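Enquirer: Provided below are the primary sequence and the corresponding predicted coordinates.
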Protein chains: 12
Amino acid sequence: MKILIINGPSLNLLGTRETNIYGELSFEDYFDEIEQHFPEFEISCFQSNIEGEIIDKLHEADLEFNAIIVNAGAYTHTSVAIGDAIQAIDTPVVDVHISNVMAREDFRQVSYIAPYCVGSIIGFGLDSYYLALEYFRKFS
Amino acid sequence: MKILIINGPSLNLLGTRETNIYGELSFEDYFDEIEQHFPEFEISCFQSNIEGEIIDKLHEADLEFNAIIVNAGAYTHTSVAIGDAIQAIDTPVVDVHISNVMAREDFRQVSYIAPYCVGSIIGFGLDSYYLALEYFRKFS
Amino acid sequence: MKILIINGPSLNLLGTRETNIYGELSFEDYFDEIEQHFPEFEISCFQSNIEGEIIDKLHEADLEFNAIIVNAGAYTHTSVAIGDAIQAIDTPVVDVHISNVMAREDFRQVSYIAPYCVGSIIGFGLDSYYLALEYFRKFS
Amino acid sequence: MKILIINGPSLNLLGTRETNIYGELSFEDYFDEIEQHFPEFEISCFQSNIEGEIIDKLHEADLEFNAIIVNAGAYTHTSVAIGDAIQAIDTPVVDVHISNVMAREDFRQVSYIAPYCVGSIIGFGLDSYYLALEYFRKFS
Amino acid sequence: MKILIINGPSLNLLGTRETNIYGELSFEDYFDEIEQHFPEFEISCFQSNIEGEIIDKLHEADLEFNAIIVNAGAYTHTSVAIGDAIQAIDTPVVDVHISNVMAREDFRQVSYIAPYCVGSIIGFGLDSYYLALEYFRKFS
Amino acid sequence: MKILIINGPSLNLLGTRETNIYGELSFEDYFDEIEQHFPEFEISCFQSNIEGEIIDKLHEADLEFNAIIVNAGAYTHTSVAIGDAIQAIDTPVVDVHISNVMAREDFRQVSYIAPYCVGSIIGFGLDSYYLALEYFRKFS
Amino acid sequence: MKILIINGPSLNLLGTRETNIYGELSFEDYFDEIEQHFPEFEISCFQSNIEGEIIDKLHEADLEFNAIIVNAGAYTHTSVAIGDAIQAIDTPVVDVHISNVMAREDFRQVSYIAPYCVGSIIGFGLDSYYLALEYFRKFS
Amino acid sequence: MKILIINGPSLNLLGTRETNIYGELSFEDYFDEIEQHFPEFEISCFQSNIEGEIIDKLHEADLEFNAIIVNAGAYTHTSVAIGDAIQAIDTPVVDVHISNVMAREDFRQVSYIAPYCVGSIIGFGLDSYYLALEYFRKFS
Amino acid sequence: MKILIINGPSLNLLGTRETNIYGELSFEDYFDEIEQHFPEFEISCFQSNIEGEIIDKLHEADLEFNAIIVNAGAYTHTSVAIGDAIQAIDTPVVDVHISNVMAREDFRQVSYIAPYCVGSIIGFGLDSYYLALEYFRKFS
Amino acid sequence: MKILIINGPSLNLLGTRETNIYGELSFEDYFDEIEQHFPEFEISCFQSNIEGEIIDKLHEADLEFNAIIVNAGAYTHTSVAIGDAIQAIDTPVVDVHISNVMAREDFRQVSYIAPYCVGSIIGFGLDSYYLALEYFRKFS
Amino acid sequence: MKILIINGPSLNLLGTRETNIYGELSFEDYFDEIEQHFPEFEISCFQSNIEGEIIDKLHEADLEFNAIIVNAGAYTHTSVAIGDAIQAIDTPVVDVHISNVMAREDFRQVSYIAPYCVGSIIGFGLDSYYLALEYFRKFS
Amino acid sequence: MKILIINGPSLNLLGTRETNIYGELSFEDYFDEIEQHFPEFEISCFQSNIEGEIIDKLHEADLEFNAIIVNAGAYTHTSVAIGDAIQAIDTPVVDVHISNVMAREDFRQVSYIAPYCVGSIIGFGLDSYYLALEYFRKFS
């Protein structure tokens, strides 16, 4: 089973800035961990700060992957376009967030992406990705 | 590790009504499955249609359980009081939902509970409970 | 044909308080009148001030009654949970109100219950119940 | 007892369009039925698609009828002027709706008419008119 | 100088209904009074309950009258179309209201007409018309 | 193919008022032009300032015309009743506007009509009608 | 009959700034004109840019004047306190505005003062004061 | 004089959780203090996390107590039903809050209860109860 | 202990206007009563209708008084500046209101002052001041 | 005459996904059709999922093309930046949409682009492009 | 070049209260610094807690100063009247704020003053004044 | 000291379009001027119309520059993602705008960027950049 993780804006900074909030682990190191933990999966990772590149990747992935995990970061709350792209493709998408966005600013209470995903996993730190993978491992 | 699952209004109907949406499995049967799957946990389950009994249970559980999984159903969107009760206790709480509430009515886009929980797992059917348990198994 | 009338918060006070608004007839006495008027029906009545007990009763009634008349009082305007319970059951429900709620405060202009009922009868005093029964007598 | 039924915009189409929603009975045929059912009443019917003609009729009717049943259709949600006309006259008015407007679009949740009526009967199909007549028969 | 007074919905009832609010003088009798008081004016009066007839009259009047006084009644608060008609014509229009609409319901705080008029005279009873005429007598 | 053009409030003024905005061509003259340009069509035109007459015409037209072009003018933004009439009939309706309403006041950003039409053509002056006819010529 | 005119913030600038909007007449010169025109009145004028001084003056005036004309300028739209002061006193107050505030910014559509006045005269330039005086001359 | 104190959801936790906010005194201990301080009163205390039980108690108390002090906690901001119950009874009710709710979340700025009480005492910690009792001691 | 009472706009009218609402006692007479009742306090009183003078007084008082009681009247609902002044000083401030503002107009439901005060005492007539003083006597 | 068509996010998927909604024709194939139909035009097409690339293209096109047709897809409802770019250039732009966005979600009722375009053509499927081209052919 | 600095409510407290936020420098001392730094300017300073005195000063200053720097403090967010005064005068005004108001409460996100100023300088502490002076030194 | 200027969408057009608003100076020419004026700074400039490239640059700059000046243009009002990127980095950022955005459309009154910057300089034309540089020169 091929799985793609798509990370949105500023998630490339994980482990280097605001480590008090997001921890000191870079996504690359975390990626190694989950690859080992889910040997049955062929996991790829894509990060971009550009909304349209995330859309491009969702289109491409539809032909190549069995499942997608998206953490669209700040674009979650503003991007009708990413929501439309998820709605347009057939591959199941799970929406994940590192922080508990529901405990943050009002403008983060809106999601243009979640309604088109299978479901959302929010607030468990990097473990949100683990749980999304576990979902695909156990139930797909 | 002792874990309490608290189910809110109308979740006692699982498996008997609206089975096209919620499936034909009753929560009792699902409960048996997860007990077998997580033998390391001592799992209890409490269901009530009464907002205040859910609050009572949260207070009690704080003294007896290591972790709580709450699916407050419709009270999620109206109960400041359950949110306050979760905020008042020390036991970590995970918020779960069977359906993808983010794809439903506007009044279900508000959660008075999620901000005080560790995180939320939304939209994976009964598997949302599994993922919450997996979170406690793996990361607590 | 078995019919259940469910009355919500403070409707137990009928005939004793605010009689200038609600009249001097207690619901018990009114109940006797309608029982006589609709001898073809086996009518039961349930009153509770507790939101969750109203939900419990709706669940139970689904198995036992042919029709339900609900006056959820103030819960009409705040209870997503009662609305969900009505949506979950198969027995037809008619929503009734004694006073003309549409001529009252803004917060009473919202109904979380009416959308899931057959229809609503609002503002005819206790006669609202009569009209609901007449509906079931004539058209069911 | 003389009773006037006033029907608003597009209610002349009853029985010919959208019959899956509104049924195949024309209002004329339904009118014959209720005339037979309520022989004690002298019932008249007036339909207009013009807001101001409905107001004209309400003014006239105040001098000639003992009771009025109004289904203002779409004007219910936009016409302050019809609401004012009802408020200005002395004849009691009952507000009826064929469909359950409370289960429809947001803009149909507003009524400029109901606050000035005795009460509202909503969602019982053409039987809403029957129940309004029954109200006048039994309680006036 | 030719002046047209246009009265909107339910203003034909003046002096016959709600006399505690609007007084016992009919508009016809008041009209005689103001005709005598302003002999230098040729005053006409038009009343309609139909929004579109008021628009028709505004169009016609543009060719025939030097000034227009409009009391659009309830249409003041809902009719973009009357506002547009006033904006389209060249004859100066004064907006008058008998009651102090600013002290009434929220939905009467909106005016789609006043922005396109010379000005508004609100709340002086029938004297609002007198003041509008005085404005044209003294300042045009 | 028989086509009806329905023009709403104040569109009878075209070519005589506000010519800087709407041009100096009357709709009658423009109508001659489009009749010549689309000889394959039998085009009729109806204008009314009365909301209810537009509804009447829509009802009638459903039996007589193959296509309808509606410029409801200001009623576009306030008339739930015209929207309902379009929804009730089977003949395809195209919504046109002379000016770019999207660049005007906030209250013109709402359309109760467009959702029930095939589509909308907005802002091309009288050419909006030409484009609507071209749509029916080429694609119906 | 003693009449007080109260002018609010920046009305002292009349005739010196923004003369294209407000004209070149100072309020002092206009005051001379109206004094001559209404010889039966003893008219006083008070201007202040300080909200509280306007309130002080309203309190004092209640004991000394028969009528008050208030142009509270920008405070009209923000001062609950001036509205309360008008409500507290017995002397009748007329609200006047030089410009047509209803054709200006959204924040000027709110009046905390008008509901407590006899009525409002808006948009007739300095003639708004004349009309207010004429009202007191003719109808008090 | 018999006085009832009604405490709402999570107030049973006083002195045991969130002691940094609410202090280390349990309500039981505080109750002893105020009983001693107001020997002229016969004070009772009722706590429930269940909205409907608070309503039940208000109904009962109306027959038995001379005054009621209500701290409805989180239900203050969501319970139309408790507000209605207070409105329905004759016994005077004082609304108290331990914390300064006006300095907290937006959803706590709404009170469905205060409008039907004599008054509110907010933000003085447990001393809010003392002040309410003092009010009854001194002024009833 | 030195205590300052600051009264805002129109509170100088107490006992002379609207006595049906506010009673016939002037604040001066009430002041004598509370001075006698709290001999341990040196109480001063300041009243102004001018927002900025209330701010000036708050600044001065910070150096001279041990406690402040503020009834900012209508400024409570509009004055960010008074709220800021209270936040800037160290002396504890209690917010009092004579009438139950929570049962009045919507615009009185906002307080820019309460969040920066120790607490609020609302709706007990002049006794609200007594309770505030009692708070300082008993608990400071 | 040189014309540029700019297509926004996910429009590259036309003919391959959601074909029940958008049809089975790819934009490339449709492009061939319209090129043949409008031989007098030199038409180019640009598609990007990246908001900023659409802005880049609008800037470039201003120097090279005589007319632009923009279907900004989901960016229509969120991109102030594309709206600004259209406002900044001189080349006339027509806004087109394949689906009837006015019949879809609330967030699609906002357009940051339409106010700066000549006009909008909405809801005619791919024929919306044809009509825009026809507009340029016939009226430019 | 003569420059006036106008400081609004509570800015007289600078350097004495909330020094952790606003620093320990009084405005007087800061004023000495900037006078030395800009010897080419004749700088005056005016502070008032009274909205109307700030308006008075703006009127006077228009005749005497070449430029004005306004920090209206809390009045920035509520004073339509100060905004109007700035609009009425010819002298250029720059709006400054010590703290970053955009990072504070929602009610501080509104400015009734900035739209009528040359521009705004926000959040640089007392250096905001320096930058405003530098603007006048370099670019006027 | 190394300083980076980041310019957002359409700012590459400066000096070539809408020169009546933005002036005839290109940013390149202006850049030469400020380089000469601030010889102590090593200033770089980056412009992109792509939201994500601005985020990329902010991330990079954090490692290389001592200060950043951002004019995010239209993205200021829509980009949660750029705001997050500024919050994530340590280099101080000043927010500048050429035009007075506070005097423009409502949707430009929101800034997702300003709260995370040191401060904002708005409305001084290209001189806004000068003032930002002067801030870093004088106070960093």
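Expert: Looks like it came in fine. The structure presented is a predicted model; accordingly, all values stated were derived computationally and were not measured. Numbering: from 1, shown residues only, chains lettered A, B, ... in the order given.

Enquirer: what about chain A, any weak spots by pLDDT?
Expert: Counting by pLDDT under 70, chain A has no low-confidence residues at all.

Enquirer: now the strands for it?
Expert: A:2-7, A:42-47, A:67-71, A:93-97, A:119-122 (DSSP state E).

Enquirer: so what are the sheet partners of the second one and their directions?
Expert: According to DSSP bridges, strand A:42-47 has the following sheet partners: strand A:2-7 (parallel).

Enquirer: tell me which residues in the strand it pairs with are buried?
Expert: A:3-7 (16 or more other CB atoms under 10 Å in any protein chain shown). C-beta: built from backbone N, CA, C; applies to glycine.

Enquirer: and among the strands of chain A, the most buried is which?
Expert: Each of those was assessed for mean neighbour count using mean count of other CB atoms under 10 Å in any protein chain shown. The highest is strand A:119-122, with a mean of 28.

Enquirer: with only the CA atoms kept, save it in PDB.
Expert: Provided in PDB are the C-alpha atoms of strand A:119-122 (Å, rounded to 0.1, in the frame of the first residue of the first chain):
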ATOM      1  CA  GLY A 119     -12.100  12.200   9.000                       C
ATOM      2  CA  SER A 120      -9.800  14.400  11.100                       C
ATOM      3  CA  ILE A 121      -7.200  13.700  13.700                       C
ATOM      4  CA  ILE A 122      -6.400  16.800  15.700                       C
END
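
Enquirer: quick one: strands adjacent to that strand?
Expert: strand A:93-97 (parallel), strand B:119-122 (antiparallel).

Enquirer: which residues touch the closest residue to chain L within chain A?
Expert: Residue nearest to chain L within chain A (CB to the nearest CB): A:Ile50, separated by 2.9 Å. In this structure, A:Ile50 makes contact with J:50, J:52, L:50-53, L:56, judged by CB atoms under 8 Å, 6 or more residues apart in numbering or on different chains.

Enquirer: repeat that for 6 Å
Expert: Residues in contact with A:Ile50 (CB atoms under 6 Å, 6 or more residues apart in numbering or on different chains) are L:Gly52.

Enquirer: distance of it from J:His59?
Expert: Shown here: A:Ile50 relative to J:His59, a distance of 18 Å by CB to CB, to the nearest Å.

Enquirer: thought A:Gln47 was touching A:Ser10?
Expert: No: A:Gln47 lies out of contact with A:Ser10 (CB atoms under 6 Å); the separation is 9.6 Å.

Enquirer: of all the buried residues of strand A:2-7, which two lie farthest apart?
Expert: A:Ile3 and A:Asn7 (13.4 Å; CB to CB).

Enquirer: returning to what we had before: F:Ser120 is nearest to which of the strands paired with strand A:119-122?
Expert: Per CB to CB, nearest to F:Ser120 of the strands paired with strand A:119-122: strand A:93-97, 32.5 Å.

Enquirer: outside of the closest one itself, list whatever touches it.
Expert: A:68-71, A:86, A:113-114, A:117-118, A:120-122, A:128-129, A:132.

Enquirer: tell me how many other residues crowd A:Ala114.
Expert: Residues lying near A:Ala114 (other CB atoms under 10 Å in any protein chain shown) number 27.

Enquirer: one more: A:Glu134?
Expert: Neighbours of A:Glu134 using other CB under 10 Å come to 21.

Enquirer: ok, it to chain K distance?
Expert: According to CB to the nearest CB, to the nearest Å, A:Glu134 and chain K sit 39 Å apart.

Enquirer: and if you look at A:Cys117?
Expert: 31 Å.

Enquirer: show me the contacts for that residue.
Expert: A:93-95.

Enquirer: skipping adjacent residues, who's closest to it in space?
Expert: A:Asp95 (4.2 Å; CB to CB, 6 or more residues apart in numbering or on different chains).

Enquirer: beta partners for that neighbour?
Expert: The partner residues for A:Asp95, given DSSP bridges, come to A:Val70, A:Ser120.

Enquirer: quick check: chain neighbours aside, which residue is closest to A:Pro9?
Expert: For A:Pro9, the spatially nearest residue (CB to CB, 6+ apart) is L:Ala81, at 4.0 Å.

Enquirer: same thing with A:Asn100?
Expert: Nearest non-adjacent residue to A:Asn100, counting by CB to CB, 6+ apart: A:Gly123, 3.3 Å away.

Enquirer: for chain F, what is the nearest residue in chain A?
Expert: A:Val80 (17.5 Å).

Enquirer: count the residues that sit near the residue nearest to that residue when sequence neighbours are not counted.
Expert: Excluding the flanking residues, the one nearest A:Val80 by CB to CB, 6+ apart is J:Ala74, at 4.0 Å. Counted by other CB under 10 Å, the residues lying close to J:Ala74 total 26.

Enquirer: quick check: J:Ala74 touching A:Ile86?
Expert: No: using CB under 6 Å, J:Ala74 makes no contact with A:Ile86, being 11.3 Å away.

Enquirer: neighbours around the residue in chain A that chain G sits nearest to, how many?
Expert: With CB to the nearest CB as the measure, A:Asp106 is the residue of chain A nearest to chain G, at 22.1 Å. As a burial measure, A:Asp106 scores 9 neighbours (other CB under 10 Å).

Enquirer: could you do A:Leu25 as well?
Expert: 15.

Enquirer: got it, and A:Glu28?
Expert: 12.

Enquirer: check the gap between it and A:Gln47 for me.
Expert: 10 Å.

Enquirer: swap in A:Ala67?
Expert: For A:Ala67, the distance to A:Gln47 - CB to CB - is 18 Å.

Enquirer: now the helices for chain A?
Expert: Applying DSSP state H to chain A gives helices spanning A:19-22, A:27-37, A:51-64, A:80-88, A:127-139.

Enquirer: highest mean neighbour count out of the ones you listed?
Expert: Most buried among these, counting by mean count of other CB under 10 Å: helix A:80-88, with a mean of 23.

Enquirer: by contact count, what packs against it?
Expert: Using 3 or more CB pairs under 6 Å, 6 or more residues apart in numbering or on different chains; DSSP states H and E as the contact test, the elements touching helix A:80-88 are helix A:51-64.

Enquirer: and the helix it packs on, what other elements does it pack with?
Expert: strand A:2-7, helix A:80-88.

Enquirer: of all these, which one comes closest to K:Glu33?
Expert: Comparing these by CB to CB, strand A:2-7 comes nearest, at 48.7 Å.

Enquirer: next, the angle helix A:127-139 makes with the closest one.
Expert: 160 degrees (axes from the mean of the first three to the mean of the last three CA atoms, to 10 degrees).

Enquirer: and strand A:2-7, how far out from the chain middle?
Expert: In terms of CA atoms, centre = their mean, to the nearest Å, the centre of strand A:2-7 is found 7 Å from the chain centre.

Enquirer: for the residue of chain A at minimum distance from chain H, give me its contacts.
Expert: Closest approach between chain A and chain H, counting by CB to the nearest CB: A:Asp106, at 9.0 Å. If you count contacts by CB under 6 Å, 6+ apart, A:Asp106 has none.

Enquirer: just give me the closest of the contacts of strand A:93-97 to H:Phe38.
Expert: A:Ile122 (49.5 Å).

Enquirer: pretty sure that closest one is touching B:Gly119, no?
Expert: Yes: look at A:Ile122 against B:Gly119 with CB under 6 Å: they come within range, at 5.3 Å.

Enquirer: do you know how far the closest residue to chain J within chain A is from A:Val93?
Expert: Residue of chain A nearest chain J, by CB to the nearest CB: A:Gly52 (2.9 Å). Noted for A:Gly52: a distance of 17 Å to A:Val93, by CB to CB.
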